[in-house]
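1. Give me a 3D structure for the following:
(2 chains)
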Number of protein chains: 2
Amino acid sequence: MSIEPADVVVAVDLGGTALKGSLVSETGETVASATHPTPQQGIVDALLQLIEDLRREASARDRRVIAAAVVTPGMVDERTGEVAYASNLGWRDMPLLARLQERLPFPVAVGHDVRAAGLAERRLGVARGVDDFTLIPIGTGMAAALVSAEGPIRGALGAAGEIGHIPIVQDGEQCTCGQRGCLEVYVSGAGVARRYAARAGGSLSSREIVARLGSDPHADAVWDEATRALAQGLATVTLLLDPEVIVLGGGFSQAGSVLLDPVVQRLDEALAWRAAPRVMLSSLGGDAGRIGAAVLAFERVGRHDVPDTWVQQAAPVSLA
Amino acid sequence: MSIEPADVVVAVDLGGTALKGSLVSETGETVASATHPTPQQGIVDALLQLIEDLRREASARDRRVIAAAVVTPGMVDERTGEVAYASNLGWRDMPLLARLQERLPFPVAVGHDVRAAGLAERRLGVARGVDDFTLIPIGTGMAAALVSAEGPIRGALGAAGEIGHIPIVQDGEQCTCGQRGCLEVYVSGAGVARRYAARAGGSLSSREIVARLGSDPHADAVWDEATRALAQGLATVTLLLDPEVIVLGGGFSQAGSVLLDPVVQRLDEALAWRAAPRVMLSSLGGDAGRIGAAVLAFERVGRHDVPDTWVQQAAPVSLA
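-> Below you'll find the predicted structure:
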């Protein structure tokens, strides 16, 4: 299929709270966007409705939808398009690609949200052109896209990259996942907020806790433990996978230098006999998953070279 | 090049204490072997001498050497054949492939010892046919070959797989590497022996310590901490890489079920929300690196399908 300038793809980032969809042109332009709340039931129907809404919007603008891609959390097999398990969607063994493709007249791809974000970081973000890197979006929780020179690491069950649940502290604090001492107990929006509340009382967001650094000893203590735990997690990633670059993304990383500076210093200290990889903040922010979905959709119809112009289109996240 | 039945390759496993070389036929038969001590200086000359000795031995048996491969420890780039750093060989930026190839009349390959062992486990060992697996040889120290569906994970500097030095205990015991709380402090021949000596005095090998399990509380305590730390390390590998199989190799794993059983149980307990991968003991033992070198040598001349007969040739390790 030759791709005409008027051609667009539908890129959807399916999350536990919202379906975020966009029409994206070959030059990376976001032609239109729509966000729907994720329903408790009938998620696939809601996805089809969102895609249909965007397809109509494309028609109204004399654009033609040539492909779509949906990225989702959970244990996803990109090859079969099946979601083996996604706790916050209530899915088990969901044949998502088959369900979408049987209803849509253009080629569809299904991807994993964090791995798709990693693809976007490699093609368009701060990891541009880097073979071996790790993207770690940190939000309410945390996960990782592990990318080696051979490609993204998916794992046997499509469950690779669960860095939020690697054990950091032996017999550590209880995690919501049922394990103890997981990394995201100490380093995540929810974890930092909960640990602050346990020390100081009250109910502050991680952003509010960051704003109190230097003036609130409880905030300082919780943040100190967070950067320490994150540096330990990054040391583990470095020693196991030897990435050239580690990219921190997600809302939590918008704390900026108060996160990055101590983590870089502690990672250097933790690695006695080898150099640390570069640690950088994502420039794509919360859009990385949706941009990755657009890349997957273009790849689905044979376009594996995303144009350079996309870089300029991706607005940098403003850092605190 | 067509491969005749009389053709053999030279496979060399270069270690800090010995050069182990063999002539291996296409059917996996070890035609002849030679082991030299690793010299302090002139390791490349010693390698060339060993390869020449084996080539002469081949001629004497009417066999023709069609390729050679040398696998080494350290930070190895298989693509360029350079060893960036190998502490126990005293090498930095050693252009090993170039140095060997300029002196040898047949194609040469250079590989990483543990990744080559992983290749052997996948082709011929207990990980046969498995896409995603991790081989962890545990001896004096420990390392890992991480293999995903896309291929072995090498890392940006060829330094992936340093599982022995991932942090397991915050502010834990000093490791010889300069870091603290590394996995191999608790789980390795040297680590278990040192920790036993610190508790009980005396100087027992890890094998002797294993023999005292159930009758010596110090041995029980050190071993209990070892299996706990190893399970924690395997939980980290599982959550990050999602392997289908984890293979434990090396001399330490010859402890057999007293190692495997508690590690499997603790790994299950550590993973609250996902199934554990299968954990198995290597069937290739200390030969895995050399067998991997033979596979690399045959691949160097276009033979990518190692015959099934190799499986029977590889003698299983007897377990304690």
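2. how about the residues of the stretch 201-320 of chain A near chain B?
-> For the stretch 201-320 of chain A, the contact set with chain B under Cβ under 8 Å from any Cβ of the partner chain comprises A:232, A:235-237, A:239-244, A:270-274, A:277. The C-beta positions use only the backbone N, C-alpha and C, and glycine is treated the same way.
3. Kindly indicate which of those residues lies nearest A:Leu54.
-> A:Pro243 (35.1 Å; Cβ to Cβ).
4. I'd like to know which of the residues of the stretch 201-320 of chain A next to chain B are buried.
-> Among these, those classed as buried by 16 or more other Cβ atoms under 10 Å in any protein chain shown are A:232, A:235-237, A:239-244, A:270-271, A:274, A:277.
5. where along chain A do the helices fall?
-> A:43-60, A:96-101, A:113-124, A:183-186, A:189-200, A:206-211, A:217-241, A:257-270, A:288-300, A:309-313 (DSSP state H).
6. Export those as a markdown table, with columns for mean pLDDT.
-> What follows is the helices of chain A, written out as a markdown table (pLDDT from 0 to 100):
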| stretch | mean pLDDT |
| --- | --- |
| helix A:43-60 | 96 |
| helix A:96-101 | 98 |
| helix A:113-124 | 90 |
| helix A:183-186 | 96 |
| helix A:189-200 | 96 |
| helix A:206-211 | 96 |
| helix A:217-241 | 98 |
| helix A:257-270 | 97 |
| helix A:288-300 | 93 |
| helix A:309-313 | 55 |
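7. So which residue is smack in the middle of chain A?
-> Closest residue to the average C-alpha location of chain A: A:Val114 at 3.6 Å, with Cα atoms, centre = their mean.
8. For that one, give me its contacts.
-> By Cβ atoms under 8 Å, 6 or more residues apart in numbering or on different chains, A:Val114 lies in contact with A:73, A:135, A:137, A:143-145, A:161, A:289.
9. What of A:Asp268?
-> A:Ala276.
10. any idea how far A:Leu50 is from it?
-> Relative to A:Leu50, A:Asp268 is positioned 45 Å away (Cβ to Cβ, to the nearest Å).
11. Ok, A:Thr72 next?
-> A:Thr72 is 13 Å from A:Leu50, by Cβ to Cβ.
12. Neighbour count: these two, which is higher?
-> Neighbours of A:Thr72 and A:Leu50, each counted by other Cβ atoms under 10 Å in any protein chain shown, are more numerous for A:Thr72; the result is 27 against 21.
13. How many residues are close by the residue nearest to that one when sequence neighbours are not counted?
-> Spatial nearest neighbour of A:Thr72, chain neighbours left out: A:Leu14 (4.6 Å); criterion: Cβ to Cβ, 6 or more residues apart in numbering or on different chains. When neighbours are defined as other Cβ under 10 Å, A:Leu14 has 27 of them.
14. correct me, but A:Leu14 touches A:Thr38?
-> Yes: checked against Cβ atoms under 8 Å, the pair A:Leu14 and A:Thr38 is within contact range at 7.0 Å.
15. how's chain A carved up into domains?
-> Following automatic domain parsing, one finds the domains of chain A at A:7-118+A:286-313, A:129-281.
16. quick one, which of those domains is nearest to B:Tyr85?
-> With Cβ to Cβ as the measure, domain A:129-281 is the member of those nearest B:Tyr85 (8.6 Å).
17. can you map out the strands along the stretch 1-150 of chain A?
-> In the stretch 1-150 of chain A, the strands defined using DSSP state E, counting those that start in this stretch lie at A:7-14, A:18-25, A:30-37, A:64-72, A:75-77, A:82-86, A:91-94, A:108-112, A:133-137, A:145-148.
18. will you turn the ones you listed into CSV that also has distance to B:Val301 and mean pLDDT?
-> Shown next, in CSV, are those (distance: least, Cβ to Cβ, whole Å; pLDDT from 0 to 100):
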stretch, distance to B:Val301, mean pLDDT
strand A:7-14, 45, 96
strand A:18-25, 47, 93
strand A:30-37, 52, 92
strand A:64-72, 42, 97
strand A:75-77, 36, 89
strand A:82-86, 40, 90
strand A:91-94, 45, 94
strand A:108-112, 39, 96
strand A:133-137, 34, 96
strand A:145-148, 27, 94
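19. Take those strands and write them to JSON lines, including distance to B:Leu89.
-> Listed next are the strands of the stretch 1-150 of chain A as JSON lines, based on distance: least, Cβ to Cβ, whole Å:
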{"stretch": "strand A:7-14", "distance to B:Leu89": "49"}
{"stretch": "strand A:18-25", "distance to B:Leu89": "51"}
{"stretch": "strand A:30-37", "distance to B:Leu89": "54"}
{"stretch": "strand A:64-72", "distance to B:Leu89": "45"}
{"stretch": "strand A:75-77", "distance to B:Leu89": "42"}
{"stretch": "strand A:82-86", "distance to B:Leu89": "44"}
{"stretch": "strand A:91-94", "distance to B:Leu89": "50"}
{"stretch": "strand A:108-112", "distance to B:Leu89": "40"}
{"stretch": "strand A:133-137", "distance to B:Leu89": "29"}
{"stretch": "strand A:145-148", "distance to B:Leu89": "26"}
